[in-house]
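Novice: I'd like to go over a predicted model; first the sequence, then the structure.
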Amino acid sequence: MSSANNAAIVEISQTANRFRSSIVLQYESKYIDVKSILGLFTTLVTSGEYNLHVHGPDAEEAVAAMTEVFAKHNMNVKAISE
């Protein structure tokens, strides 16, 4: 994995940890807690589209911040509102 991916993983996790909401990334049939760096390292190994599920008191702010950080690293993410 390139250092750019490492930087993306660290920034994604750090950003997620600023929020109280549950932030889960779905890729195919896998669900990963975005606050877990280990989970991200094992999942963000391929380019593809990810679905972002956010639930909690600051969900709206979390979705905005997470969408921004994914876009910064040229990763496709779609926020799923339920």
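Specialist: Done, it's in.
Novice: So, low pLDDT: which residues of this protein?
Specialist: 1-4, 45-47, 82 (pLDDT under 70).
Novice: Contact partners for residue 56?
Specialist: By CB atoms under 8 Å, 6 or more residues apart in numbering, the residues touching residue 56 are 19, 20, 21, 22, 62. The C-beta positions use only the backbone N, C-alpha and C, and glycine is treated the same way.
Novice: Apart from its neighbours in sequence, what residue is nearest it?
Specialist: Among residues not flanking residue 56 along the chain, residue 21 sits closest, at 2.8 Å (CB to CB, 6 or more residues apart in numbering).
Novice: Backbone torsions only: list them for that neighbour.
Specialist: phi -60, psi 160 (degrees, to the nearest 10).
Novice: if we can go back for a sec, just the buried members of the contacts of residue 56?
Specialist: The neighbour count (16 or more other CB atoms under 10 Å) marks 19, 21, 62 as buried among the contacts of residue 56.
Novice: Tell me the one of these nearest residue 75?
Specialist: Of all the buried ones among the contacts of residue 56, residue 75 sits closest to residue 62, with 16.3 Å by CB to CB.
Novice: List of residues touching the helix or strand hosting the closest one?
Specialist: Element membership of residue 62, judged by DSSP states H and E, is helix 59-72. Helix 59-72 is contacted by residues 8, 11-12, 15-16, 18-19, 21, 23, 34, 50, 52, 54, 56, 76-77, 79 when judged by CB under 8 Å, 6+ apart.
Novice: Toward the C-terminus, what is the element adjacent to that helix?
Specialist: strand 76-80.
Novice: Which secondary structure elements does that next one sit against?
Specialist: strand 49-55, helix 59-72 (3 or more CB pairs under 8 Å, 6 or more residues apart in numbering; DSSP states H and E).
Novice: For that strand, buried residues please.
Specialist: Under 16+ other CB under 10 Å, the buried positions of strand 76-80 are 77, 79.
Novice: Okay then, goodbye and thanks.
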